[in-house]
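J.: Following is a predicted model, sequence given first.
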Amino acid sequence: LVHQLLMEKECLFPLRLSVNGVTKEFLALLDTGNMLVDPLTKEPVLVAEADLFREVLPREILTLSQLLSQGGFPDNKALDFSPEWAARIRFISYTSVGKKRGFLLGFRPDEVCLMQKEPKRLPPVVIGLYHLTALSRAGNYQALLPASILNGVY
């Protein structure tokens, strides 16, 4: 109980993401081992459960993300997005425990805010879409927040 209370107080962060006027709030666990960065911009990658963004993202982006998570390779039709979404999409190569190589589909939101007494806008970030299972067995959080994002916020 004490461990859970400390984790919730010190390691869970309420976030609000905005894309095209649509917002989504969720909890993220501070993940000091998350070193993922967007290869183009070098912005850190916040890994989040893809289901969180069903109301935020176009269906074809979620479908492409699912295909990549299963190790599939998209054809040209799967990569046909509006110019506005094409500019937001990122392919992120990663290595993790139990998986030598993989790709996450990521997207650049308009903003991500840390929701405390006063909302604090976080530095630019890419959201990596995770499909395999829930990140938290107990459902306490839906995303993994890299520690590097909090630099300059605190």
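T.: That came through, no problem.
J.: quick one: contacts for residue 148?
T.: Residue 148 makes contacts with residue 44, as judged by C-beta atoms under 8 Å, 6 or more residues apart in numbering. (C-beta placed from N, C-alpha, C; glycine too.)
J.: which residues of the chain score low on pLDDT?
T.: Flagging of the chain using pLDDT under 70 yields the residue ranges 1-9, 76-78, 97-100, 152-154.
J.: what's the single longest helix in the protein?
T.: helix 59-69 (DSSP state H).
J.: just checking, what packs against that helix?
T.: If contacts are counted by 3 or more C-beta pairs under 8 Å, 6 or more residues apart in numbering; DSSP states H and E, helix 59-69 sits against strand 99-107, strand 126-130.
J.: ok now whichever helix or strand comes after the first one, how far from the chain's centre?
T.: Once the chain leaves strand 99-107, the next helix or strand it forms, by DSSP states H and E, is strand 111-114. Centroid separation between strand 111-114 and its chain, computed with C-alpha atoms, centre = their mean, to the nearest Å, is 12 Å.
J.: Okay, now the sheet partners of the helix or strand following strand 111-114, with direction.
T.: Counting by DSSP H and E, the next helix or strand C-terminal to strand 111-114 is strand 120-121. According to DSSP bridges, strand 120-121 has the following sheet partners: strand 111-114 (antiparallel).
J.: Show residues contacting the partner strand.
T.: Contacts to strand 111-114, defined as C-beta under 8 Å, 6+ apart, come from residues 13-18, 46, 119-122, 125, 127, 153.
J.: Only the buried residues of that strand, if you could.
T.: Judged by neighbour count using 16 or more other C-beta atoms under 10 Å, the buried positions of strand 111-114 are 112-114.
J.: buried stuff in the longest helix of the chain?
T.: Neighbour counts over helix 59-69 (16+ other C-beta under 10 Å) mark 61-62, 64-65, 67-69 as buried.
J.: List just the nearest of the residues you listed to residue 28.
T.: Nearest to residue 28 out of these is residue 65 (C-beta to C-beta; 18.4 Å).
J.: so the closest one makes contact with residue 105?
T.: Yes: if you go by C-beta atoms under 8 Å, residue 65 and residue 105 touch, sitting 3.8 Å apart.
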